[in-house]
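S.K.: Model the following, please.
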Amino acid sequence: MIIAIFNGPNLNRLGKRNPAIYGNVSMAQILLCIQQRWPDVHFIYRQSNHEGDLIDWIQEMNEERANGRMEECSGIVLNAGGYTHTSVALRDAVEDSEVPVVEVHISDISQREPFRRQSLLTSVCAHTIIGRGTNGYADAVAWLVEDKQK
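M.R.: You can find the predicted model right below:
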């Protein structure tokens, strides 16, 4: 089983950036916990501050799966950061994805500034996890693993 975790802008600063909102746990620590909890899952992790990279990676996962090179791909965990609220292009890539995408937000975006309250992604994602802190990543993986076993 393969699960990709894609993080968008500023998420390379997890554990350092605004810990009151995003916590003090680094992505390396989150990934270690996830890998320990699911040792039989192969995780692909990527982070970029560039919108096109996220789109390219989602399309790449679909191409790999479509060409039979990644048949075990169970899904994508996507924290698109600020692109959640602004990127129609990213939304279109998710909508076009045959690989299920689980949207993750560390904070509860419905309780944040007005411009953060709308997600362009939620309606095209297979599942959404909002406001669970960094535990949201593990929740997303659990959802994908359980969904794959159904």
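S.K.: ok, Thr86 to Asn10 distance?
M.R.: From Thr86 across to Asn10, the span is 13 Å (Cβ to Cβ, to the nearest Å). Glycine gets a C-beta too; all of them are placed from N, C-alpha and C.
S.K.: typed the wrong thing, it's Leu31
M.R.: Leu31 sits 17 Å away from Asn10, going by Cβ to Cβ.
S.K.: Could you report the neighbour count for the closest residue to Gly82 other than its chain neighbours?
M.R.: For Gly82, ignoring the flanking residues on the chain, the nearest one in space by Cβ to Cβ, 6 or more residues apart in numbering is Pro9 at 5.5 Å. Look at Pro9: counted by other Cβ atoms under 10 Å, it has 17 neighbours.
S.K.: got it, and Val145?
M.R.: By the criterion of other Cβ under 10 Å, Val145 has 17 neighbours.
S.K.: Verify the stated contact: it with Trp38.
M.R.: Yes. Val145 lies in contact with Trp38 (Cβ atoms under 8 Å); the separation is 6.5 Å.
S.K.: Extract the C-alpha trace of whichever strand or helix holds Phe6 and format it as CSV.
M.R.: Assigned by DSSP states H and E, Phe6 falls within strand 2-7. Output of strand 2-7 as CSV, limited to C-alpha atoms (Å, rounded to 0.1, in the frame of the first residue of the first chain):
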residue,chain,number,x,y,z
ILE,A,2,1.2,3.5,-0.9
ILE,A,3,0.0,6.8,0.5
ALA,A,4,1.3,10.1,-0.6
ILE,A,5,1.3,13.1,1.8
PHE,A,6,1.5,16.5,0.0
ASN,A,7,1.9,19.7,1.9
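S.K.: Quick check: what element follows it along the chain?
M.R.: Counting by DSSP H and E, the element after strand 2-7 in chain order, helix or strand, is helix 19-22.
S.K.: quick one: buried residues of the helix or strand just after that following helix?
M.R.: Going down the chain from helix 19-22, the next helix or strand is helix 27-37, by DSSP H and E. Using 16 or more other Cβ atoms under 10 Å as the test for burial, helix 27-37 gives 27, 30, 34.
S.K.: contacts for the least confident helix or strand in the chain by mean pLDDT?
M.R.: One helix or strand of the chain scores below all others by mean pLDDT, DSSP states H and E: helix 19-22, with a mean of 81. Helix 19-22 is contacted from outside by 14-15, 106-107, 134, using Cβ atoms under 8 Å, 6 or more residues apart in numbering.
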